[in-house]
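Undergrad: structure, please.
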Amino acid sequence: LVFSTPAYLVLMAWMLREVGRASRLGALAGAALALAIPAYALAGTYYVERHSADFEAVEVTRRLKSAGGADDAIIFQALWHAGYFRTHSGEASPSTLVLGEVPVSDLPRILGRRNRLWLSMFASAKRDSNYPQEEWLDTNVYKAEEWWEGNLRLSLYGGRPDPPLDPINADFGGLVRLEAAGVAPGQARPGDILRLFLRWRALRDPGRKLVVFAHLVDADGRGCNSRDSEPVDGLRPTEAWKTGQVVDDRRGLVVGPGTPAGRYYLAVGLYAREDWRQRIAIRGK
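TA: Residues are numbered from 1 along each chain as shown. Sure thing, here's the model as predicted:
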C-alpha cells in the first residue's frame, strides 16, 4: 500500500480530470465510485475479522472474568486475545503476558509471585514444540483444569513449591507402587488449588494405559471435585513405563466455589483407560 497508493491516487486524479472536461456530473460520480470501492472493501474486511477472529477472544475474556482472580497471572499465546482482554477486564485485572515474550526460564519467577496461572492457547496443538512453555508447565507445576472451546484451549495451573512427601507404599495390583505423596496447602478456601504431588514406581512393565484419579471427598465420602488424567497429564503414559522406573506426577485440584467448610480427604487411585469402572485394587488392603 505504501508504494501503490500514490500511483493509484495520481491515476485516479488524471482520470477524473479527463472525465470532468466532458461532464462535471461524470467527474462527481467517478470520485464517489473511487471512494466507495476501497471503503466497501475495508468495511467487508472489518466485518469478517470482527466476527471470526474475536469470537475466541470474547469467550476467553468471559471465562477469565468469571473464574479468574485479581492475583492470577494469564499468559496468552494469541496477541490479539491479550489486547482484547486488557481492554475489557477492568482495573482489577490479573497480570497479563504474551507467550512469545515469556521464555521458559521466566516461568519459575512468575509462578513464585502468583498462586494461580492461566495459559490461553489458540489454534495450537497440545504441547506444540513451538511453545515449550506448555510442556514445562505440565511437567513442573500443578495443572488443575483444562477447558476447550473451538480453537481455544484454556488451562489453569497452581504454582510451587512442591509439598513435602510422606511415605505411602501402596501396591496397585503388583503393577505400580505409590511410594510417596504430599498435598498443600493443608487448609484451603474455595477457589484455591490443592497441589498434589505423587511419586510412582513401576513394579513391572504395566504394558497398558492407566489413568490416575484424584477425588476430593468430604467426611461422608461424597465427592466434591475430581481430576482424572494419565500421569503428568499424558506426558508419562504407563504403557511406556519400565520396571523400576520412578515418575513424579504433579496434579492440581480446584476447591470449587461454594464448598462448605469442613474436613476433606483426597482419594487417589488408578483405573484402566478402557474402563473407568475397572479400578486397580491395592494389595494387602
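
Undergrad: for this structure, what helix or strand is lowest in average pLDDT?
TA: helix 24-52 (a mean of 68; mean pLDDT, DSSP states H and E).

Undergrad: what residues sit buried inside the helix or strand just after that helix?
TA: Per DSSP states H and E, helix 24-52 leads on to helix 54-67 as the next helix or strand towards the C-terminus. By 16 or more other C-beta atoms under 10 Å, the buried positions in helix 54-67 come out as E56, A57, E59, V60, T61, R63, L64, A67. Just so you know, the C-beta spots here come from the backbone N, C-alpha and C atoms, and that holds for glycine as well.

Undergrad: for the third one, what are its contacts?
TA: When contacts are counted by C-beta atoms under 8 Å, 6 or more residues apart in numbering, E59 touches E149, G150, L152.

Undergrad: most surrounded residue in those residues?
TA: L152 (21 neighbours; other C-beta atoms under 10 Å).

Undergrad: contacting residues around that residue?
TA: Applying C-beta under 8 Å, 6+ apart, the residues near L152 are E56, E59, V60, S120, M121, F122.

Undergrad: give me that answer again for 10 Å
TA: Taking C-beta atoms under 10 Å, 6 or more residues apart in numbering as the criterion, L152 is in contact with 55-57, 59-60, 63, 77-78, 81, 120-124.

Undergrad: can you list phi and psi of L156 for me?
TA: phi -120, psi 130 (degrees, to the nearest 10).

Undergrad: so it versus R250, what's the distance?
TA: When C-beta to C-beta, to the nearest Å is the yardstick, L156 and R250 sit 14 Å from each other.

Undergrad: how many neighbours does R195 have?
TA: Neighbour tally, R195, other C-beta under 10 Å: 25.

Undergrad: in this protein, where is pLDDT below threshold?
TA: Along the chain, the model assigns pLDDT under 70 to residues 1, 43-53, 90-93, 284-285.

Undergrad: hey, where'd the helices end up in it?
TA: 4-22, 24-52, 54-67, 79-88, 107-113, 132-140 (DSSP state H).

Undergrad: ok, of the contacts of E59, which one's closest to L28?
TA: Comparing the contacts of E59 against L28 with C-beta to C-beta places G150 closest, at 47.1 Å.

Undergrad: what sits against the closest residue to that closest one other than its chain neighbours?
TA: Of all residues not flanking G150 in the chain, E56 sits nearest, at 6.3 Å (C-beta to C-beta, 6 or more residues apart in numbering). Residues in contact with E56, defined by C-beta under 10 Å, 6+ apart, are 78, 80-81, 84, 120, 122-123, 149-154.

Undergrad: give me the subset of those that lies in strands.
TA: With strands defined by DSSP state E, the entries of those inside them are S120, F122, E149, L152, R153, L154.

Undergrad: give the burial count for Y264, as a bare number.
TA: Look at Y264: counted by other C-beta under 10 Å, it has 16 neighbours.

Undergrad: pretty sure it is touching D192, no?
TA: No - between Y264 and D192 there is no contact under C-beta atoms under 10 Å: 11.9 Å.

Undergrad: common neighbours of those two, please.
TA: The contact sets of Y264 and D192 overlap at V255 (C-beta under 10 Å, 6+ apart).

Undergrad: follow-up on the earlier one: how about the contacts of L152 in JSON lines, adding distance to G207?
TA: Shown next, in JSON lines, are the contacts of L152 (distance: C-beta to C-beta, whole Å):
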{"residue": "F55", "distance to G207": "43"}
{"residue": "E56", "distance to G207": "40"}
{"residue": "A57", "distance to G207": "44"}
{"residue": "E59", "distance to G207": "41"}
{"residue": "V60", "distance to G207": "40"}
{"residue": "R63", "distance to G207": "39"}
{"residue": "Q77", "distance to G207": "36"}
{"residue": "A78", "distance to G207": "40"}
{"residue": "H81", "distance to G207": "42"}
{"residue": "S120", "distance to G207": "37"}
{"residue": "M121", "distance to G207": "32"}
{"residue": "F122", "distance to G207": "37"}
{"residue": "A123", "distance to G207": "36"}
{"residue": "S124", "distance to G207": "32"}
